[in-house]
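Trainee: task: produce atomic coordinates for the following.
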Amino acid sequence: MRDRLAEAHHEVALVDAEGALVSKRRIDDSAEGFADLLAMHTDAGDTAADPIPVAIETSGGLLVAGLRQTGRQVYSINPMAAARYRERHSLRRATVVHGRLVRAP
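Mentor: Sure, this is the predicted structure:
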């Protein structure tokens, strides 16, 4: 059974070409949430001639369908692969011991 609560919203983060955070917000998986996402893109300089590409941890749904209709590139990312990447590169679960970085248990 899938977690319907997690599918009711999306955590959105816009980053620039260097990877710096531009904007972050939670949006609903609805027409209003899609409009909020497009507004975030517009505020970040998105135009019809130069649309901001999107990487998303799902391959379907209202949000993906709407994004594809805008003509922008949509890159689907495997959620498990993304979670493993975040875990490997996160400092939250790490501690520094005698100048070495050691993974916390």
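
Trainee: quick check: Val64 is in a helix.
Mentor: Yes: with DSSP: H, G, I helix; E, B strand; the rest coil as the criterion, Val64 is assigned to a helix.

Trainee: verify the contact between Gln73 and Ala55 for me.
Mentor: No: Gln73 lies out of contact with Ala55 (Cβ atoms under 8 Å); the separation is 9.1 Å. (C-beta placed from N, C-alpha, C; glycine too.)

Trainee: overlap in contacts, these two.
Mentor: Common contact partners of Gln73 and Ala55 (Cβ atoms under 8 Å, 6 or more residues apart in numbering): none.

Trainee: what's the pLDDT at Met1?
Mentor: Note for Met1: predicted pLDDT of 32.

Trainee: all numbers from here: first residue = 26
Mentor: That works, and once the first residue is 26, the last one we named lands at Met26.

Trainee: tell me what the longest helix along the chain is packed against?
Mentor: Scanning the chain for the longest helix, with DSSP state H as the assignment, gives helix 56-68. Under the contact criterion of 3 or more Cβ pairs under 8 Å, 6 or more residues apart in numbering; DSSP states H and E, helix 56-68 touches strand 34-40, strand 46-53, helix 87-94.

Trainee: and it, which residues are buried?
Mentor: Neighbour counts over helix 56-68 (16 or more other Cβ atoms under 10 Å) mark 58-59, 61-62, 65-66 as buried.

Trainee: what's the answer for stretch 79-88, then?
Mentor: Under 16+ other Cβ under 10 Å, the buried positions of stretch 79-88 are 79, 81, 88.

Trainee: so how far is stretch 80-100 off the chain centroid?
Mentor: Counting by Cα atoms, centre = their mean, to the nearest Å, stretch 80-100 is centred 11 Å from the centre of its parent chain.

Trainee: could you do stretch 54-63 as well?
Mentor: Mean-position distance between stretch 54-63 and its chain equals 14 Å (Cα atoms, centre = their mean).

Trainee: run through who's touching that stretch.
Mentor: 32-35, 37, 50, 52-53, 71, 86-88, 91-92, 95.

Trainee: how about 10 Å then?
Mentor: Applying Cβ atoms under 10 Å, 6 or more residues apart in numbering, the contact partners of stretch 54-63 are 31-35, 37, 39, 50-53, 71, 79, 83, 86-88, 90-92, 94-95.
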